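K.L.:
model the structure of this input:
(2 chains)
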Amino acid sequence: MAAQPAKDTSTQELEQKQEWWWIAEKKRSKRLDYLRKAVWKKGALGGNYAPGIKVDLEIPQLFTNMWNFWRYDPPMLRRAKSMAHVLENMPIFITDHAQLVGYMGTLPHTLAWRVDGATMVNEELYNEPGVMPEPEQASLKRVADLNAYWAGNTAVDKLARVLDPEDAVKFLSGAIGWGAPTSAYGYSGKDYEFMFAQRHGFEDILDLIDQSIEKAEDLTMGNPGPEILPVYDRIQNWDAMKIMLNAAIAYARRYARLARILAEHYETDPKRKEELLRLAQTCENVPAKAPSTFQESLQYDHFVQILARLEAHEGAWPARPDYYHWPMYEKDVIKEKNITREEALDLVGEFMIRAYEVGGFGPRWAREGLQGITGTWVWTLGGVNKDGSDACNDLTLAFLQAARLVRVANPTFGFRWHPKVRDEVMREVFECIRHGLGYPSIRNDPLLIQNAMHWHGHPLEEARTWVHQACMSPCPTTKHGVQPMRMASATANCAKMVEYALHNGYDHVVQMQMGPKTGDARKFKTFDELFAAWTTQMKWLINTLVRTVNLGRYKDPEFYGRPFLSAISERAVESGLDVVSPVGDRGNCWVTGFTWVENADSLAAVKKLVFDEKRYTMDDLLNALENNWNGYEQMRRDFVNDAPKWGNDDDFVDGIMVRCLQEVAKHSREIKCPSGNSWPLLPENVSGNIHYSSIVGALPNGRRLGDALYDGGISPGPGLDKKGPSAVLKSCGKIDHVGDGRAFLLNQRLSPSQLAGEKGYQLWKAYIRTWADLGLDHVQFNMVSDETLRAAQKDPEKYQEVIVRVAGYSAHFVDISRKTQDNIIQRTVQGI
Amino acid sequence: MKYKESKNFFPHSDNPQRGDFVERVVDPRQAYYKVKPVNADDEIPADAAEFAGK
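P.N.:
Numbers count the residues shown, from 1 in each chain, chains lettered A, B, ... in the order given. Sure thing, here's the model as predicted:
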């Protein structure tokens, strides 16, 4: 049984003990309390699903039946017809007290399974104890039948057949990167400008498509010529989009019908009956029409997100809710006063809960890399309007307040800080951090707008619409700026760059020649020889990943395709092309750089101790590394303690960090995405630093195979930043956060006792000012004491609701592995 | 028992042979109403329990 706070414990006492989760329980409404506790948590606990969580077999079965039936149709039409069948026939449900509906499984405790994505993921189902619905034997048989149908025919299977075999083997080795180069497992940006700013309901979009089809049919009936030949395919694509839009409207109206049936035949409470009838009206209206109330606005958005997730396994949730829902909030809460602010807060809290409950089945490497969650739902708050004025509003405050009431680990927020943000907003941001949520992360809005223009040529007005496409990377929400498909597969395990430079491209962990042969490092006489080898390995690693992802993007309309996503994207509605086609996409690619900082610390250690001071030879070092430092403990300590480490405002190592980043940035401009734009680096880790701990070999920074890697993109190694928070910021400030990469993740731990009260807020605000002045683009905070975290390790049942910032996401502390827990505790607590 | 004989079956107005069958579920975390489209003449499975309306 879950622990409960003593009933007579006052809020003040709980605040003093920093047990914010009990305060949330006391303060939130009965509805939010019920709905928050009703969630079946889908995030894997360290890597394993929680008891009671089952894979949904209904939807894959419905989809496969129709996919087989429509086998002679072109890909987009076939997918649309199959999905329409799913939407028409899948069981749906309405939870008691709910005012918002829509879920990507057929029951609250089910995980969605993207059966047509990748055979290698499908086969993992057999290895997961407890996830098969009862009766288990019948479910196993059903899974086996589905897997037999899809084996060799999934999106990844199709791509693997056209990939260069050597690239395919190295990519799939798991050593240098992760992900699947298909929109079946993507992060799809949403064209919020088209749906919300331009106020297009699905019926409006159907009208637009009909007009396009009419014009296209005029062409096909006219003079023959090469220009009309592509039009035939586009008409079929438009038909596919129409099928999806009509199916989506019908799907929403199934909820309307159920709500009305419940109100008229089952519900006895007049208040709930009224809510159900309002819910029915809401689902009648949206997504068919543009929203006309705040509830409809949230419901429209949620339907869009759920429908997109029924079409593909989406690993992220790009959104800007305080901006796009503000018009209806302003109308209902402020101008017309149709609902009270408390009622609006209930809707906002439930909106977050509806996202929190979403989850899909993922392979083990993804679960280990995203412990505690099923995707990085980073919602964007704050920022500026298209004209540069402050976009923060009362709904921004409502989201920040609701977050403290519902305390979900997913979604989290990224707050677009800029100099015009009002103090009352900053206070609410700080309160979330002080309450230990680990979010919002703070993003430097002026700098990131400049960055978006620099790397991808987004016009200023469009760059100002940016949202987090995944954990970190800004992406506009506009016709040509929105990126419909960013796969996690351009995610580089960067520590391999220095590892391969030292081992002539050979990987001693997977025992394979991976990178190019850049020479026997034992014979290197200068640091520049080592750095040249590093540069070659860096280019090889990034090229291998990007080639794969580029091909995946180019072939995706053929191998997977997104009829629903196309139907809500102005670019596709206008062109008749599948939105995953690169045509008309300005491009917004980035290479996620996991395990990045080890490069700087390792290269600095070799330069100082081998080449500059000559305390050790390259032979000594290579012998030690090949033995995983076993038998070389004193030497290992020298490499840890006597070599400068990133994050201490030390120009020796900081210079190497900047040099490495500039080499990558130079290469980023040489390699191109399918739209012809660059691939800048974005150093960050989710919990990849733990996942890769058993894949990255021993390194010259003193790390052994098996030790956790550093946690952030530019965070210093845990406990290695010894000169205080200003030194960390100064080191990070030496990076050009516009020209050296796309964004740079910085984790910091702050002391909750130091930051208590008004004085704490003022200290934190001054810190943020320094952070901005030094030109950093990102920082996020953990503000939970060691005492609480250690108590949670000892007595997890009592601390179920403690949330921590892992990397680009937050998770409940008890849901992450012991190794990740220890890694977070080891991070330096900065006194500011 | 056929779906059409249940008080929890709600036929579609445009096609009474098809309809929605409503079930009440109380799981360890939440209570909810679930619905799925069915054929009026199909037999109700044994695990789909009847429940009382208002």
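
K.L.:
the most centrally placed residue in chain B bridge partners, please.
P.N.:
Of all residues in chain B, the one closest to the mean position by Cα atoms, centre = their mean is residue B:21, 2.1 Å from it. Beta-bridge partners for residue B:21, by DSSP bridges, are residue B:9, residue B:36.

K.L.:
quick one, what contacts it?
P.N.:
Counting by Cβ atoms under 8 Å, 6 or more residues apart in numbering or on different chains, residue B:21 touches B:3, B:6, B:8, B:9, B:10, B:35, B:36, B:37, B:38, B:44, B:48. All C-beta spots, glycine's among them, are computed from the backbone N, C-alpha and C.

K.L.:
if we go to 7 Å?
P.N.:
Applying Cβ atoms under 7 Å, 6 or more residues apart in numbering or on different chains to residue B:21 gives the contacts B:3, B:6, B:8, B:9, B:35, B:36, B:38.

K.L.:
so which elements touch the strand or helix carrying residue A:140?
P.N.:
Using DSSP states H and E, residue A:140 falls within helix A:136-150. Contact here means 3 or more Cβ pairs under 7 Å, 6 or more residues apart in numbering or on different chains; DSSP states H and E; on that basis helix A:136-150 packs against helix A:58-69, helix A:119-122.

K.L.:
swap in 6 Å and give it another go.
P.N.:
helix A:58-69 (3 or more Cβ pairs under 6 Å, 6 or more residues apart in numbering or on different chains; DSSP states H and E).

K.L.:
list the contacts of the helix it packs on.
P.N.:
Contacts with helix A:58-69, where a contact means Cβ atoms under 6 Å, 6 or more residues apart in numbering or on different chains, come from A:82, A:85, A:86, A:89, A:90, A:106, A:113, A:115, A:146, A:149.

K.L.:
ok, residue A:137 - how many residues close by?
P.N.:
Residue A:137: 9 surrounding residues under other Cβ atoms under 10 Å in any protein chain shown.

K.L.:
quick check: pLDDT value at it.
P.N.:
pLDDT recorded at residue A:137 is 95.

K.L.:
for the residue of chain B found nearest chain A, grab phi and psi.
P.N.:
Relative to chain A, the nearest point of chain B is residue B:30 (3.4 Å; Cβ to the nearest Cβ). When quoted as degrees, to the nearest 10, the phi and psi of residue B:30 stand at phi -160, psi 160.

K.L.:
that one and residue A:94 touch, don't they?
P.N.:
No - contact criterion Cβ atoms under 6 Å: residue B:30 and residue A:94 do not qualify, at 10.7 Å.

K.L.:
which residues of the stretch 101-250 of chain A lie near chain B?
P.N.:
Applying Cβ under 6 Å from any Cβ of the partner chain, one finds that the stretch 101-250 of chain A does not approach chain B at all.

K.L.:
quick one: the strands in the stretch 101-250 of chain A, in order.
P.N.:
With strands called from DSSP state E, counting those that start in this stretch, the stretch 101-250 of chain A shows them at A:110-111, A:177-178, A:186-187.

K.L.:
can you add mean pLDDT and give these back as TSV?
P.N.:
Listed next are these as TSV, based on pLDDT from 0 to 100:
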stretch	mean pLDDT
strand A:110-111	96
strand A:177-178	86
strand A:186-187	86
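
K.L.:
nearest to residue A:311, out of these?
P.N.:
strand A:186-187 (10.5 Å; Cβ to Cβ).

K.L.:
and the residue of chain A found nearest chain B, how close does it get to residue B:33?
P.N.:
Per Cβ to the nearest Cβ, residue A:38 is where chain A lies closest to chain B, at 3.4 Å. Distance, residue A:38 to residue B:33, by Cβ to Cβ, to the nearest Å: 13 Å.
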